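Q: Have a look at this fold, sequence not included:
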Ligand code: GAL
C-alpha cells in the first residue's frame, strides 16, 4: 500500500512540474461565453448575459399561449379553452443571439458546448451553419473548427432559436437559458464526454474505481497517460500510468479506505488524466466524481453503498420561478438546501435533461437524482411537442444525456420517459428496450426507469416488465395488482401525490378528495392539504404504501416547488398561470405541506406545525378545523388557553395516521397553541398562531444561498448579530429576501396584500419579486408587487463590483418601510 501511495505522489508531482514547465499552450482550455447580443426580430439588438430567458419579463397575457385542446392525460375528451398552460408568458416564436468569439493562436480544434438552448438551435459561425440540435433541454457539442480563424478576435457566432406554439405542457422559457462555452484543443486531447468513471465495488476498506477515456488527435510516439484520483484535500489516493498510443484506454484504481458519497456525506474526489509525450504535457482533464455503489433488488430494494433506503424524492421542473428558465447557481442552491432541510434526498428532473450546474450542486450538496429525458416519444402529447423529433433524435438525445452526466455520483438512475402514451403497444415495448439498452451501453452502472401512468396497459403489453425499475405515477391503490405481475419484485412511486394548495389559503368546509375544474371562485386551492386531482391522491396514501410494504422503494412527489404553467385545477380559469402542486410556492416559500413532509421525512429535527392562520373575522363560532403536522404521536390543542383535548395519531385511519386533527374547533379570535408528545409522553414541541392586528411593520429576512455563513434574519436593521450575509461580486449572485407584514406586536399578518415597492442601490440591483400567487399577473421584474398571504420574496443580484447594497421596501399606502444592507465582495 505504501508503495502505491508513494508512486502516486511521485506521478502527481510530475504532473504539477509539467504544468509549471510552460508547455501549456496546447493543453485544452475552456472559455465561458456569457456576453451575447440578443434580438427577437433580427433587427433590434440588445446586450444580454447568458443564461438568459427572453420571456420571463412578460407581460403575462393569456393570448401568448391560448389553446383549444383536450388534455388527454387528464382524462379529458372535449376540447376547451386553456389559458396559462405554459405560463402565459411570451416564450413562443423566434429569438436570435450573436457574439464575436476571440480564438487565441496555437490551438487545433474548437468546440462550442451548449448546456441547453430553447429550442431547435441552429448554430452558424462566420456566416455558415456549423450545426444544429432539436431538443431544447439537452446539452450538445458543435465542432466549429472548419469555420473559425484561430488568432482572430472576430469569429461571428450566431444562434437561431425557434419555439413553436403548443410544443410544451409547461413553461419551457426561451433562449440561451443555460451556459455556453467554447473548448479549445491542441494536438492530442481527451474527449470530454468519453471519460467515464464508475465504482465497481466499495467497502470500508477498499473501492475499485474503473476509469476509461478516449484520446483524440495526434498521439505521438512516446506517449503515456497518468491517471490519478485525489481526495477533497488534494491528496492523491490512487494512480496509474498507462503507456502507449492506443486512443482508448481503461484502468481500475484501488482506493484504500474510501470516503463514500451519500446525501448525508457528499464526499467528492477529483480524477485527473494527464497525457504526456516524453516530458511534455500534452493534455490534462479533470473530473469531479464520487465513490459509491447503487443497486436495486427484490431482496433489499434500493441500496446506496449497500444500505437499503426508501427514496424520499421530489419532482422538479427546470424553471426557477420568477427567474424563469435562466439558470442561476444561488437559486439552485436555495432550492436544494430547502428540500434537504425537509428531509428530501432525491430530485427527479421532470421531464427532461438536467443542467450541468444542477448536477454539480447535487453532487456537492448531497442530493440523489433521477435524470429524466422525455415527456413523449412517437405519439405527441401536444401538437408540436418533442414527438416531431423523436425518431430522428431520440437515440442521440439519450446518448448525450448519459455520456454528458454519467460521472456525477448524485445520479442514481436514468429515466427514459414520463407517461409515454405508447406504453400499451408492442412498439412502445421495443422503444423502451432500445432506450434502456442505450443507457446501459454508455453506463452499465445505473438502473433505468420511467414513469408509467397506465398500469394495466403497461403490464399487459410487457412495457413495465422491461424496466430495471418499474416506476408508476399515482394510483397507489393499483400497486398490489402491479406487484403481482412484476418479475422485478419491487416498484417505485415515480410520481406521487399531486396534492394542490395555495400558500396561506384555507377553504371551508374542508373537502377531502379529488378536485373538479375551477373548484373555487378565487382561483386558489386550500392549504388543508386534502385536495388533489382525479388521477392523484394524498401524501398520506403514498406513505401508507411505503411504510407498510418493503417492495415500494420510495417516491418522487409532484412537486417540490410550484412551477410556471400547468395551473391545474384551473386550466380553464384566467388569470391563473402557475401550478398549485408545489410543497413550496413559486417564490420558494414553504406551504404547510412542507412541514407535513418534514415531519415524516426528516428524522434529525422535530417538527410541530400548526394550521390554519387565526385571522377569521366573520367566522366567530363557526367550525374551523385545526391541523398539526408533527413527528410526535400525540398533541393537545388550546384555544385561548382552553384545551380542545388530546388527539393521537391513528394508524388505521387515512387522515389521522400522519396528521393530528381537531375538526370541531369553533373560531374565536386570540391564540391557538399546540403541544406535541412522542410515544413516551415526552414533549416534542409546540407551535401557535395568533390573530394579528393591523399591519404596521415590515420584516426582511435575508438568505444568500451561495454563502455558508448566511445569516437569515440577522440583517434586519437594528439587529445586533454579526452581519455575515454577503454576495459574490460576480454579477449573478443572488440574495433572497423574504418580506413579511407584521402587526405592532410582531405577529405575521396572514391576510395582508399591500402593494410594496422596492429600491435597490449600491453594488447590487433589483432582479425579481414573486409572491407565490398563481393568479397574479404582476410582472416578476418590476420593482413593485402585492403581498400574497402576507408575504413575498424579493431577489437582489450583485453587480461585478464590491461594496454595499441597500434594499428599501415600502408600503406607500401605510407609509411604512424597512431597509436592509448587504455586503458584496
Ligand atoms: C402527471 C404528469 C406531470 C403533471 C402531473 C400533474 O400525470 O406526469 O407532468 O402533469 O401529472 O398532476
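A: Yes, it's here. Fair warning: this is a prediction, and the values are worked out from it, not measured in the lab.
Q: which residues touch the closest residue in space to residue 519 that isn't next to it in sequence?
A: What sits nearest to residue 519 in space, not counting adjacent residues and going by C-beta to C-beta, 6 or more residues apart in numbering, is residue 569, at 5.7 Å. No exception for glycine: its C-beta is placed from N, CA and C like everyone else's. Taking C-beta atoms under 8 Å, 6 or more residues apart in numbering as the contact definition, residue 569 lies against 500, 515-519, 525, 533, 580.
Q: And for residue 749?
A: With contacts taken as C-beta under 8 Å, 6+ apart, residue 749 has the following neighbours: 615, 692, 694-695, 740-743, 790.
Q: between those, which is nearest residue 62?
A: Of all those, residue 62 sits closest to residue 790, with 27.6 Å by C-beta to C-beta.
Q: burial of the closest one, as a residue count?
A: When neighbours are counted by other C-beta atoms under 10 Å, residue 790 registers 24.
Q: got it, and residue 75?
A: By the other C-beta under 10 Å criterion, the neighbourhood of residue 75 contains 10 residues.
Q: Let me know the distance separating residue 570 from the ligand.
A: Counting by C-beta to the nearest ligand atom, to the nearest Å, the gap between residue 570 and the ligand amounts to 13 Å.
Q: Next, the nearest residue to that residue once chain neighbours are set aside: secondary structure please.
A: Nearest-residue entry for residue 570: residue 576, 3.9 Å, with adjacent residues in sequence omitted and distances by C-beta to C-beta, 6+ apart. The three-state assignment at residue 576 reads coil, by DSSP: H, G, I helix; E, B strand; the rest coil.
Q: Next: residue 339.
A: Following three-state DSSP, we place residue 339 in the helix state.
Q: Make 9 the first number, not 1, from now on.
A: Renumbered: residue one is now 9, and that last one reads residue 347.
Q: What residue, apart from its backbone neighbours, is nearest it spatially?
A: Sequence neighbours aside, residue 568 is the residue nearest to residue 347 in space, at 5.4 Å (criterion: C-beta to C-beta, 6+ apart).
Q: Can you report phi and psi for the residue nearest to residue 578?
A: Backbone dihedrals for residue 584, given as degrees, to the nearest 10, come out at phi -150, psi 120.
Q: Please name the bridge partners of the residue at minimal distance from the centre of the chain.
A: Relative to the mean C-alpha position of the chain, the nearest C-alpha, by C-alpha atoms, centre = their mean, is the one of residue 324, at 4.9 Å. In this entry, residue 324 is beta-bridged to residue 357, by DSSP bridges.
Q: Quick check on the contacts of residue 577: which are buried?
A: In the contacts of residue 577, burial by neighbour count holds for 508, 523, 527, 533, 541, 588, counting by 16 or more other C-beta atoms under 10 Å.
Q: Distance-wise, check the fifth one relative to residue 380.
A: So the one you mean is residue 541. Residue 541 sits 20 Å away from residue 380, taking C-beta to C-beta, to the nearest Å as the criterion.
Q: Any idea how many residues pack against the residue in the stretch 109-258 of the chain positioned nearest to the ligand?
A: Residue of the stretch 109-258 of the chain nearest the ligand, by C-beta to the nearest ligand atom: residue 177 (6.3 Å). Look at residue 177: counted by other C-beta under 10 Å, it has 20 neighbours.
Q: List the contacts of it.
A: Residues in contact with residue 177, defined by C-beta under 8 Å, 6+ apart, are 93-94, 383, 389-390, 393, 573-574.
Q: contacts with the ligand among those residues, please.
A: For the ligand, the contacts drawn from the contacts of residue 177 by C-beta under 6 Å from any ligand atom are residue 574.
Q: Top of the contacts of residue 177 by number of neighbours, please.
A: Scoring those on neighbours with other C-beta under 10 Å, the highest-scoring entry is residue 94 at 28 neighbours.
Q: So what does the closest residue to residue 154 other than its chain neighbours look like in phi/psi?
A: Once flanking residues are discounted, residue 154 sits nearest to residue 138: 7.8 Å by C-beta to C-beta, 6+ apart. With angles defined as degrees, to the nearest 10, residue 138 shows backbone torsions of phi -100, psi -20.
Q: list the contacts for residue 138?
A: Taking C-beta under 8 Å, 6+ apart, we find residue 138 in contact with 120, 131-132, 150-152, 154-155.
Q: one step back: report the entries of the contacts of residue 577 that also contact the ligand.
A: Subset of the contacts of residue 577 in contact with the ligand: residue 541, counting by C-beta under 6 Å from any ligand atom.
Q: from the contacts of residue 577, which single one is nearest the ligand?
A: Among these, residue 541 lies closest to the ligand (C-beta to the nearest ligand atom), at 5.1 Å.
Q: That closest one against residue 576, yeah?
A: Yes: the pair residue 541 and residue 576 qualifies as a contact (C-beta atoms under 8 Å) at a distance of 6.1 Å.
Q: Spit out the residues that contact the two alike.
A: Residues touching both residue 541 and residue 576 (C-beta under 8 Å, 6+ apart): 82, 508.
Q: C-terminal to the longest strand anywhere in the chain, what's the next element?
A: Using DSSP state E, we find that the single longest strand of the chain is strand 214-225. Scanning forward in sequence from strand 214-225 by DSSP states H and E, the next helix or strand is strand 231-238.
Q: Quick one: which of the contacts of residue 757 is the most crowded by neighbours?
A: When the contacts of residue 757 are compared by neighbour count (other C-beta under 10 Å), residue 749 ends up highest, at 28 neighbours.
Q: Pull the contacting residues for that one.
A: Contacts for residue 749 were tallied using C-beta under 8 Å, 6+ apart; they are 703, 705-707, 756-757, 760, 762, 795, 798-799, 819.
Q: Reformat the contacts of residue 577 as JSON lines; add pLDDT.
A: Putting these into JSON lines (pLDDT from 0 to 100) gives the following:
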{"residue": "508", "pLDDT": "98"}
{"residue": "523", "pLDDT": "85"}
{"residue": "524", "pLDDT": "82"}
{"residue": "525", "pLDDT": "88"}
{"residue": "526", "pLDDT": "93"}
{"residue": "527", "pLDDT": "95"}
{"residue": "533", "pLDDT": "98"}
{"residue": "541", "pLDDT": "94"}
{"residue": "588", "pLDDT": "98"}
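Q: Now that we have the contacts of residue 577, can you turn them into TSV and tack on secondary structure?
A: Rendered in TSV, the data for the contacts of residue 577 read as follows (three-state DSSP):
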residue	secondary structure
508	coil
523	coil
524	coil
525	coil
526	coil
527	coil
533	coil
541	coil
588	coil
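Q: What is the nearest of the contacts of residue 577 to residue 41?
A: Relative to residue 41, and with distances defined as C-beta to C-beta, the nearest of the contacts of residue 577 is residue 588, at 37.8 Å.
Q: and the closest one, how far is that from residue 331?
A: According to C-beta to C-beta, residue 588 stands 20 Å off from residue 331.
Q: what's the answer for residue 128, then?
A: Applying C-beta to C-beta, the value for residue 128 to residue 331 is 23 Å.
Q: Those two - which one has more neighbours?
A: For residue 128 versus residue 331, neighbours defined as other C-beta under 10 Å are more numerous around residue 331 (24 against 19).
Q: pretty sure the more buried one is touching residue 801, no?
A: No: shown here, residue 331 and residue 801 do not form a contact pair, counting by C-beta under 8 Å, at 11.0 Å.
Q: Show me which residues of the stretch 509-658 of the chain are close to the ligand?
A: 541, 544, 566, 574, 576.
Q: domains for the protein, by residue range?
A: Described in terms of automatic domain parsing, the domain architecture of the chain consists of the residue ranges 10-32+198-297, 41-63+99-194, 322-506+541-589, 705-832.
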